[in-house]
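**Student:** Need coordinates for the below:
(one chain, ligands or ions: 1)
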Amino acid sequence: MTDYLSVYNAVKAISDDVSLVAVSKFHPYEAVMEAYDAGARIFGENRVQEMREKFPPKNERPEGMKVYLIGQLQRNKVRKAIEWADRIESVDSLPLIEKIEKECEALAVDMDILLEFNSSGEENKSGFRTEEELLNAVCYLRECPRINLLGIMTIGPLGGDEARIRQAFQHTKELFLKVKSENPSVSVLSMGMSGDWKIALEYGSDEVRIGTAIFGARK
Ligand SMILES: *Cc1c(COP(=O)(O)O)cnc(C)c1O
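**Tutor:** Numbers count the residues shown, from 1 in each chain. Predicted coordinates for the structure are as follows:
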């Protein structure tokens, strides 16, 4: 049993044009299909291998099903990621961008990405650590014709301190607006997970990524 519909309804009750990514990591394909049958179309996975084992190849998926990679990506798995993912939301370094561009070129495909910002300052989190580094990556992307920069993603601080969560989302929103003002292709601000998505919507999130509240606790 998934709670996709109740989460979907709760999100839509607050904002009509937010997209909902159903984060299916650690849950089997049966759970994915249950959510799909309830209306879910976009799924999030954080490991390349799990994504490839769980989901069919792009051209064999049920109608409209998309899979976004939301976890940290190692350079040696970029090709395997591009082959399966419809979007990479966790791009966090220049060498990774360089590798994605190169592999896209080799495969003759384009890739939609988000840049991940480490808004919590937590050392163990991925994402660009400073605004300068992220803006530098935005500049670098102008030389990458195969990569389409869609926006910015962040993971809020864990642990439930609401003031820190708000500060992180506010900071990311300001950065997003700065990037968007100079880059017409940028339109997605991805913030909010099971524990903080309502707060994220207050800061203008366009996309929430929800796992636990839909599929239950992960093993
Ligand atoms: C796991 C994960 C989520 C979903 O987290 P929940 O708390 O289970 O909703 C969202 N975003 C990223 C990047 C994740 O790794």
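**Student:** For the rest of this, base every contact and every neighbour count on C-alpha atoms.
**Tutor:** OK.
**Student:** which parts of this protein sit against the ligand?
**Tutor:** Residues of the chain lying near the ligand by Cα under 6 Å from any ligand atom: 23, 46, 70, 71, 193, 194, 195, 209, 210, 211, 212.
**Student:** which of these count as buried?
**Tutor:** By neighbour count, with 16 or more other Cα atoms under 10 Å, those hold 23, 46, 70, 71, 193, 195, 209, 210, 211, 212 as buried.
**Student:** These in helices, which ones?
**Tutor:** Taking DSSP state H as the definition of helices, those contribute residue 212.
**Student:** Other residues contacting the helix or strand containing residue 98?
**Tutor:** Assigning secondary structure by DSSP states H and E places residue 98 in helix 94-107. The contact list for helix 94-107, computed with Cα atoms under 8 Å, 6 or more residues apart in numbering, reads 73-75, 78-79, 82, 91, 110-111, 137, 140-141, 144-147.
**Student:** and if we set it to 6 Å?
**Tutor:** The contact list for helix 94-107 (Cα atoms under 6 Å, 6 or more residues apart in numbering) reads 75, 79, 110, 146.
**Student:** Touching the next helix-or-strand element following that helix from outside, list them.
**Tutor:** Proceeding N to C from helix 94-107, the next assigned helix or strand is strand 111-117, under DSSP H and E. The contact list for strand 111-117, computed with Cα under 6 Å, 6+ apart, reads 87-92, 127-128, 147-154.
**Student:** hmm, 8 Å instead?
**Tutor:** Contacts to strand 111-117, defined as Cα under 8 Å, 6+ apart, come from residues 82, 86-92, 104, 126-131, 134, 146-155, 172, 188.
**Student:** number of nearby residues for the residue lying closest to residue 19 once chain neighbours are set aside?
**Tutor:** Spatially, and ignoring its direct neighbours in sequence, residue 19 is nearest to residue 207 (4.7 Å; Cα to Cα, 6 or more residues apart in numbering). Other residues near residue 207 come to 21 when the count uses other Cα atoms under 10 Å.
**Student:** and residue 63, that one's in a helix?
**Tutor:** No: counting by DSSP: H, G, I helix; E, B strand; the rest coil, residue 63 falls outside a helix, being coil.
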